[in-house]
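Colleague: Dropping a prediction and its sequence here:
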Amino acid sequence: MPTERNEAFGDVTFGVENTGAETCTVKGVKAVLPEGIFSAMAEMLLVYADFKFETGTPKHAFRFSRTAKECSVSLADKSKGEEWLTGGWTDSIEYWETLEELAELTEEVSE
């Protein structure tokens, strides 16, 4: 799948495919995330200083955590069991702005 845009934060990369699919890559493992996740994450970053959530697709599990201005993401390929790959970065306004931009791009590409 060709990529419209990728943005790296630490060792985690968020992207939007030309189909509008939202992706996350951690340590070389790329997962397609549930539709609308970037928009939902951007909203949560505005409202909550610290939060955690977990979601997934039939193929991958996805965890996001924000505590004390540190963010981390974990991915697990469900077909390989509970092997979680984790990456993290220091939270910043640029991260929130980028999520907003990726969410907007997802909507544009999906139309």
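Modeller: Yep, it's here. On a predicted model such as this, the values are computed, not experimentally measured, just so you know. Residues are numbered from 1 along each chain as shown.
Colleague: buried sites along the helix ranked longest in the chain?
Modeller: Of all the elements of type helix in the chain, the one with the most residues (DSSP state H) is helix 93-110. Neighbour counts over helix 93-110 (16 or more other CB atoms under 10 Å) mark 95, 98-100, 102-103, 105-106 as buried. No exception for glycine: its C-beta is placed from N, CA and C like everyone else's.
Colleague: okay if I get these as TSV plus pLDDT and distance to residue 58?
Modeller: Conversion of the buried residues of helix 93-110 to TSV gives the following (pLDDT from 0 to 100; distance: CB to CB, whole Å):
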residue	pLDDT	distance to residue 58
95	88	28
98	91	27
99	87	24
100	91	28
102	92	23
103	91	23
105	92	24
106	91	20
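Colleague: now, the most widely separated pair of those residues?
Modeller: The most widely separated members of these are 95 and 106, with 16.5 Å between them, by CB to CB.
Colleague: any low-confidence regions in the chain?
Modeller: Of all residues in the chain, those with pLDDT under 70 make up the ranges 1-2.
Colleague: Tell me where it has helices.
Modeller: With DSSP H applied, the chain shows helices at 37-47, 93-110, listed in chain order.
Colleague: Let me know whether residue 59 touches residue 79 as I believe.
Modeller: Yes. With the criterion set as CB atoms under 8 Å, residue 59 and residue 79 qualify as a contacting pair; they are 6.9 Å apart.
Colleague: between the two, who's got more neighbours?
Modeller: Under the neighbour definition other CB atoms under 10 Å, residue 59 and residue 79 were set side by side, and residue 59 has more, 11 against 8.
Colleague: With residue 103 as the reference, measure out to the more buried one.
Modeller: 22 Å (CB to CB, to the nearest Å).
Colleague: likewise residue 92?
Modeller: 17 Å.
Colleague: Over to residue 17?
Modeller: For residue 17, the distance to residue 103 equals 14 Å [CB to CB].
Colleague: what touches both of those two?
Modeller: Taking CB atoms under 8 Å, 6 or more residues apart in numbering as the contact definition, residue 17 and residue 103 share no neighbouring residue.
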